[in-house]
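**Student:** build me a model from this:
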Amino acid sequence: MTKAVHRRAFAGIGLAAMVATAALVAAPSQAAGPRDQLREKFDKSLKGKTVAWSPVWMGVLESEWTRVMKDRFDDYGIKLVTRDANMKSDIQLQTVSDYINDKPDVIVVQNPNVTLLAKELKRAMDAGIYVVQVNMASNTLTDAYVGVDAKDLGTKIAREVINQCGGGKGSGEVAILEGEATAAYSLDMKNGAMEVFKTDPSIKVVSSQPTSWDANKAGDITTTVLQQHPKLCGILSVWGPQTAGAAQAIKAANMGDKVKVFVASDGQPADCDLLEQGAFSANLSYRADVQGQTIADAVIALLQSGDKPGAKNIAYYTTPAWVKSKDDRMYCFSIPKGAK
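**Tutor:** Numbers count the residues shown, from 1 in each chain. As a prediction, this is how the structure comes out:
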C-alpha cells in the first residue's frame with residue numbers, strides 16, 4: 001500500500017473517530033430533551049401569573065408568610081399583590097371582592113372567621129380563580145388549604161395539660177384563652193381540647209373566653225381568672241402573641257411557680273424567648289416560614305395542574321413540634337435582618 005493510500009486510510013479513521021466522539025458528546029444533550037421540556041412547561045405555567053394575597057393583618061406571622069412567598073414567586077416570575085386589612089373585616093371583604101374583579105390567577109386568603117368571606121371565595125372559583133386558604137379556613141372549601149389541623153393541635157396540647165395538671169399532679173383547674181371565637185383556627189382548637197378534657201374527670205375547665213387575638217385583653221382575662229380561681233393549674237392559649245399578656249398577669253400575681261402556660265405557637269422568636277424565660281411551659285410550634293414555603297408550593301401546583309378552579313380540595317397540613325427548652329429552638333423561625 002502506498003503512503004498516499006495509508007494517509008487516506010488514517011484520515012478516514014480519524015474522521016470516523018471524530019464523528020463518533022461528536023455523537024457521544026451530543027448524546028447527553030439529546031437525553032436532556034424531556035427535562036428541558038419539563039422546565040419549559042413549568043415556566044410557561046408560572047411566568048407572568050398574578051397571586052393576590054389577603055391577610056387579616058400584617059403581623060409577624062403574616063409578614064413571614066409574605067416574605068417567603070415573595071422570595072419564591074420572584075424566582076419564577078410570579079407577581080404578588082398584597083393588601084393589609086389591618087384587622088378590619090369590612091376592608092378585607094372589599095379587598096377580596098376587588099381581587100375577583102381584577103381577575104388574578106390565584107387568591108390566597110387568611111379568613112378572620114368562618115363566614116365573612118365564604119360566598120366570595122366560591123364566587124372567585126366560579127370566576128376561574130384558584131383559591132388557597134391559609135391557617136384560618138372558612139365554611140367554603142376551596143382548591144387548597146395550607147395550615148395546621150387546628151383540632152388536632154388542640155387535642156395534643158390538651159393531653160400535655162392533663163400530663164402536668166391532671167391525675168393529682170395539680171388542681172386540675174384549667175382556663176382556655178381563645179382567639180376570635182368564630183375563627184376556625186380558634187374554634188376547632190378549642191373543640192379538640194374540650195373533647196380530650198371531657199375524658200378526664202380530674203380536669204375542670206373554669207374559663208374559656210375569646211381574646212380577639214389581643215395580648216392586653218388576654219392579660220385582663222387572666223387577671224380576673226386568677227382572682228376567681230387561685231388554684232388554677234394551667235392555661236391553654238391558642239396563639240403565642242396574645243399569651244404574652246397572660247404571662248404578664250401571672251407574673252404580676254406572683255403565681256409563676258403555680259400556673260403553667262401551654263401555647264399553640266406559629267414559631268415566632270418571641271414565643272421561644274418567653275419559653276426560655278420560664279413564662280411559657282410548653283409551645284406546640286408550627287413554623288411560619290415553613291408554612292410560607294408550603295403556600296408557595298400549593299400555588300405552584302395549582303398553576304401547573306390544568307384543573308378547573310373548584311374542581312378539587314387539597315389540604316397541606318403543617319406538622320407541629322414541641323418546644324420545651326432552649327434545645328428546641330430550631331422549631332422557632334428566625335426573622336432575617338432587614339425584614340419588615
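**Student:** just the helices in the stretch 151-300 of the chain please.
**Tutor:** 184-197, 215-228, 240-252, 269-276, 288-305 (DSSP state H, counting those that start in this stretch).
**Student:** what mean pLDDT does the longest one get?
**Tutor:** Yep, that's helix 288-305 we're talking about. Mean per-residue pLDDT for helix 288-305: 98.
**Student:** likewise for the third one?
**Tutor:** Taken as a whole, helix 240-252 has an average pLDDT of 98.
**Student:** and it, what does it pack against?
**Tutor:** strand 173-178, helix 215-228, strand 234-237, strand 260-265, helix 269-276 (3 or more Cβ pairs under 8 Å, 6 or more residues apart in numbering; DSSP states H and E). To be clear about C-beta, it is placed using only N, CA and C from the backbone, and glycine gets the same treatment.
**Student:** same list (the ones you listed) but as a markdown table, adding distance to residue 204 and mean neighbour count.
**Tutor:** A markdown table is the format used below for these (distance: least, Cβ to Cβ, whole Å; neighbours: other Cβ atoms under 10 Å):
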| stretch | distance to residue 204 | mean neighbour count |
| --- | --- | --- |
| strand 173-178 | 5 | 25 |
| helix 215-228 | 13 | 19 |
| strand 234-237 | 11 | 28 |
| strand 260-265 | 15 | 26 |
| helix 269-276 | 26 | 19 |
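**Student:** can you put those in CSV and add distance to residue 320 and mean pLDDT?
**Tutor:** Shown next, in CSV, are the helices and strands packed on helix 240-252 (distance: least, Cβ to Cβ, whole Å; pLDDT from 0 to 100):
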stretch, distance to residue 320, mean pLDDT
strand 173-178, 18, 98
helix 215-228, 21, 98
strand 234-237, 14, 98
strand 260-265, 8, 98
helix 269-276, 12, 97
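**Student:** can you tell which of these is closest to residue 47?
**Tutor:** helix 269-276 (34.7 Å; Cβ to Cβ).
**Student:** ok, and the closest non-adjacent residue to the residue positioned nearest the centre of the chain?
**Tutor:** Computing the C-alpha centroid of the chain and ranking residues by Cα atoms, centre = their mean puts residue 291 first, at 3.4 Å. Leaving aside its chain neighbours, residue 291 sits nearest to residue 318 (5.5 Å; criterion: Cβ to Cβ, 6 or more residues apart in numbering).
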